[in-house]
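Colleague: no sequence on this one, just coordinates:
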């Protein structure tokens, strides 16, 4: 399985990050350990939302959509709302 996820910085709640991974538990540990240059300065992170996909291509396509303008609007309205 592949996972698409949205995380939010605990220290800076206005910072969110969307990603995809095959191992969500390890990826969260990496984000919180500062191993990702995109998320290191806003650690620690908490998971807001995630979804499992049967294969990598479907997960990456959905991740790409969530990072688009319409995907960000969908995320705010349907996935995380006022979380």
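Modeller: Received the coordinates, thanks. What you see is a predicted model; the values in this text were computed from it and never measured.
Colleague: The residue nearest to residue 58 when sequence neighbours are not counted and residue 19: what is the separation?
Modeller: Once flanking residues are discounted, residue 58 sits nearest to residue 2: 7.4 Å by C-beta to C-beta, 6 or more residues apart in numbering. All C-beta atoms are positioned from the backbone trio N, CA, C, and that covers glycine. Distance, residue 2 to residue 19, using C-beta to C-beta, to the nearest Å: 11 Å.
Colleague: Would you agree residue 7 is in contact with residue 47?
Modeller: Yes - Residue 7 is in contact with residue 47 according to C-beta atoms under 8 Å; the separation is 5.6 Å.
Colleague: Walk me through the regions of this structure where pLDDT falls short of the threshold, as ranges.
Modeller: For the chain, applying pLDDT under 70 flags the ranges 82-83.
Colleague: Give the other helices and strands that the helix ranked longest in it contacts.
Modeller: When the chain is parsed with DSSP state H, its longest helix is helix 56-66. Judged by 3 or more C-beta pairs under 8 Å, 6 or more residues apart in numbering; DSSP states H and E, the packing partners of helix 56-66 are strand 2-9, strand 16-21, strand 45-53, helix 69-74.
Colleague: can those go into CSV with extra columns for distance to residue 39?
Modeller: Formatted as CSV, the helices and strands packed on helix 56-66 follow (distance: least, C-beta to C-beta, whole Å):
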stretch, distance to residue 39
strand 2-9, 8
strand 16-21, 5
strand 45-53, 6
helix 69-74, 17
